[in-house]
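K.L.:
A predicted structure for the sequence below; I have some questions about it.
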Amino acid sequence: MRLTELDWTFVTTGLPDAVAAARERAEAASSAGGKDLDVVLMGGAATIRSALDAGLVDELTLHLAPVMLGSGTPLFTGGTPRSLVQRAVIPTKTVTHLTYDVA
């Protein structure tokens, strides 16, 4: 399936600018459609850690799968300490979905 209806915006001036642009687009679409829209940031540990450090994250959802990879980039080391308030835990046979509010 080819996705031809997507409207891409590339931001090369950093994560805060990319999130600001996404928020502007979501607000405009929300006004036009009459329904609230969220900005979702997806990525690896380095991207998410940068967003947390910049104060750009208000909700964090982690999908924890019990697979030993042997290496990787830790999400919760270094950076600015943040308090996480657990909002939801949804366990399944293969993954546990954890949702936190970022304080």
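P.N.:
Happy to help now that I have it. Residues are numbered from 1 along each chain as shown.
K.L.:
For stretch 89-102, the averaged confidence score.
P.N.:
Predicted confidence along stretch 89-102 averages 96 (mean pLDDT).
K.L.:
Name the nearest residue to Leu52, ignoring sequence neighbours.
P.N.:
Spatial nearest neighbour of Leu52, excluding adjacent residues (Cβ to Cβ, 6 or more residues apart in numbering): Arg82 at 5.8 Å. C-betas here are computed from N, CA, C, even on glycine.
K.L.:
can you pull the contacts of the one you found?
P.N.:
Counting by Cβ atoms under 8 Å, 6 or more residues apart in numbering, Arg82 makes contact with 52, 102-103.
K.L.:
ok, of the residues you listed, which one's closest to Ala65?
P.N.:
Comparing the contacts of Arg82 against Ala65 with Cβ to Cβ places Leu52 closest, at 20.9 Å.
K.L.:
And the pLDDT for the closest one?
P.N.:
Value for Leu52, per-residue pLDDT: 91.
K.L.:
Backbone dihedrals for it, both of them.
P.N.:
phi -60, psi -50 (degrees, to the nearest 10).
K.L.:
Look at it and say how many residues are nearby.
P.N.:
Using other Cβ atoms under 10 Å, the number of residues around Leu52 comes to 19.
K.L.:
For Glu5, see how far away it is.
P.N.:
Distance, Leu52 to Glu5, by Cβ to Cβ, to the nearest Å: 32 Å.
K.L.:
And for Ala29?
P.N.:
Distance, Ala29 to Glu5, using Cβ to Cβ: 13 Å.
K.L.:
Which one of these two is surrounded by more residues?
P.N.:
Using other Cβ under 10 Å as the criterion, Ala29 and Glu5 rank with Ala29 on top: 12 against 5.
K.L.:
What residues of the helix or strand encompassing the more buried one count as buried?
P.N.:
Using DSSP states H and E, Ala29 sits within helix 15-33. Neighbour-count burial for helix 15-33, counted by 16 or more other Cβ atoms under 10 Å, picks out 15, 18-19, 22.
K.L.:
Export that helix to PDB, keeping only CA atoms.
P.N.:
Taking C-alpha atoms only, helix 15-33 is exported to PDB below (Å, rounded to 0.1, in the frame of the first residue of the first chain):
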ATOM      1  CA  LEU A  15      14.100  18.700  18.000                       C
ATOM      2  CA  PRO A  16      12.500  21.700  19.700                       C
ATOM      3  CA  ASP A  17      11.700  23.400  16.400                       C
ATOM      4  CA  ALA A  18      10.300  20.100  15.000                       C
ATOM      5  CA  VAL A  19       8.000  19.700  17.900                       C
ATOM      6  CA  ALA A  20       6.900  23.300  17.700                       C
ATOM      7  CA  ALA A  21       6.100  22.900  14.000                       C
ATOM      8  CA  ALA A  22       4.200  19.700  14.800                       C
ATOM      9  CA  ARG A  23       2.200  21.400  17.500                       C
ATOM     10  CA  GLU A  24       1.300  24.200  15.100                       C
ATOM     11  CA  ARG A  25       0.100  21.700  12.500                       C
ATOM     12  CA  ALA A  26      -1.900  19.800  15.200                       C
ATOM     13  CA  GLU A  27      -3.500  23.000  16.500                       C
ATOM     14  CA  ALA A  28      -4.500  24.100  13.000                       C
ATOM     15  CA  ALA A  29      -5.900  20.600  12.200                       C
ATOM     16  CA  SER A  30      -7.700  20.500  15.500                       C
ATOM     17  CA  SER A  31      -9.400  23.900  14.800                       C
ATOM     18  CA  ALA A  32     -10.400  22.800  11.300                       C
ATOM     19  CA  GLY A  33     -11.600  19.400  12.300                       C
END
